[in-house]
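J.: Predicted structure and sequence below. I'll ask about it afterward.
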Amino acid sequence: MSDCLFCKIAAGEIPAKVIFEDEDVIAFHDIHPVAPVHFLLLPKVHIDSLAHATAQHQALLGKMMLLTSKLAAEQGLSDGYRTIINTGHGGGQTFFHLHIHIIGGKPLSTNISEISTQ
Ligand code: 5GP
Ligand code: ZN
């Protein structure tokens, strides 16, 4: 997807504060953090949203789930963190390349409506 910001970041064409990268995924700090730690984890392959993932992405999605906890620990989120995947316009997604938000570093409300990614 030539016009996709996250594809361009994954390709190294647009800079980001990268915290992890391998052949399948990349993680970098969100440009507008909503908490002391707020990073995004996404596949390098373009998938519009979670709703567009298919069975062929099963291993990739599993890898991302396990990486989420590993990277959260490395970012110092020993007390816990929140993961958010906004999906579609109705789900508040604004960049249509599947990504997981990992957020923490401050006490987060048990009311999930009290934290936003915007
Ligand atoms: P969404 O609303 O699609 O779930 O989340 C998109 C996220 O991408 C937002 O939290 C926004 O701050 C972040 N973002 C948008 N543009 C950039 C950018 O150029 N660099 C980085 N690192 N994050 C971005
Ligand atoms: Zn993309």
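T.: It's in. Residues are numbered from 1 along each chain as shown. Ligands and ions are numbered 1, 2, ... in the order given.

J.: so L41 sits in a helix?
T.: No: L41: not assigned to a helix; according to DSSP: H, G, I helix; E, B strand; the rest coil it is strand.

J.: That one touches D24, doesn't it?
T.: No: judged on Cβ atoms under 8 Å, L41 makes no contact with D24 at a distance of 10.7 Å. Heads up, the C-betas are built off the backbone N, CA and C, glycines and all.

J.: Contact partners for A51?
T.: T87, G88 (Cβ atoms under 8 Å, 6 or more residues apart in numbering).

J.: Need the pLDDT of it.
T.: A51 is assigned a predicted lDDT (pLDDT) of 98.

J.: going forward, begin numbering at 563 instead of 1
T.: Okay, residue one is now 563; in that scheme the one you just asked about reads as A613.

J.: picking up where we left off before, who has more neighbours out of L603 and D586?
T.: Higher neighbour count among L603 and D586: L603, with 24 against 13, using other Cβ atoms under 10 Å.

J.: how near is the more buried one to L670?
T.: Using Cβ to Cβ, to the nearest Å, L603 is found at 18 Å from L670.

J.: So which residues of the protein form strands?
T.: 580-583, 587-591, 599-605, 644-646, 662-666 (DSSP state E).

J.: closest one to E676 among the ones you listed?
T.: The minimum distance between E676 and the strands of the chain falls on strand 644-646, with 10.8 Å, by Cβ to Cβ.

J.: so what strands line up beside the closest one?
T.: Strand 644-646 sits in its sheet next to strand 662-666 (antiparallel), going by DSSP bridges.
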